[in-house]
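Visitor: The sequence and its predicted three-dimensional model are supplied below.
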Amino acid sequence: MFTLWMLMLSAAVIYFFWQNRKIAEAAWLHAENQAKQLNVQLLSIACTKRRIGILKNGKPGIKSQFLFEFSSDGETKYQGELEFEDIKLVNSTIPPYRM
């Protein structure tokens, strides 16, 4: 019985690791697309919040928040925010920046 529980726990850890990687890759792609649309340079992206919860569609999933830094002139940097439910982008916030 102990072996079965350990296998189930290992499978759950692997599944959540895999999901987190998929979400991080989706966030990177969305941040790159935002930077191309705004004609700015993408500097970095980082996950600031991740939790398990009920999504807007009523199903359980992972809610994540990412901050990405970008520069429009090479000297100043700005932070945008991306909010995800699983791999779906829910909200994107971009501050005013100098062209």
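Guide: The structure has been received and is ready for your questions.

Visitor: Excluding sequence neighbours, find me the nearest residue to Ile54.
Guide: Here the nearest residue to Ile54 in space, its sequence neighbours aside, is Pro60; by C-beta to C-beta, 6 or more residues apart in numbering that works out to 6.0 Å. C-beta here means a position set from N, CA and C on the backbone, and glycine is covered the same way.

Visitor: Which pLDDT does the model give that neighbour?
Guide: On pLDDT, Pro60 comes in at 90.

Visitor: What's the local residue count around it?
Guide: 9 (other C-beta atoms under 10 Å).

Visitor: what's it in contact with, if anything?
Guide: 52-54 (C-beta atoms under 8 Å, 6 or more residues apart in numbering).

Visitor: roughly how far apart are it and Gln19?
Guide: To Gln19, Pro60 is 12 Å away according to C-beta to C-beta, to the nearest Å.

Visitor: Likewise for Asp86?
Guide: Plainly put, Asp86 is 7 Å away from Gln19 if you go by C-beta to C-beta.

Visitor: shared neighbours, these two?
Guide: Jointly contacting Asp86 and Gln19 under the rule C-beta under 8 Å, 6+ apart are Ile62.

Visitor: helix, strand or coil for Lys56?
Guide: Judged by DSSP: H, G, I helix; E, B strand; the rest coil, the three-state class of Lys56 is coil.

Visitor: Locate Phe84 within the secondary structure: which element?
Guide: Per DSSP states H and E: Phe84 is located in strand 78-85.

Visitor: ok, and what's touching that strand?
Guide: 23, 26-27, 30-31, 34, 55-56, 61-72, 89-95, 97.

Visitor: what lines up beside it in the sheet?
Guide: Partners of strand 78-85 in the sheet, by DSSP bridges, are strand 60-71 (antiparallel), strand 88-93 (antiparallel).
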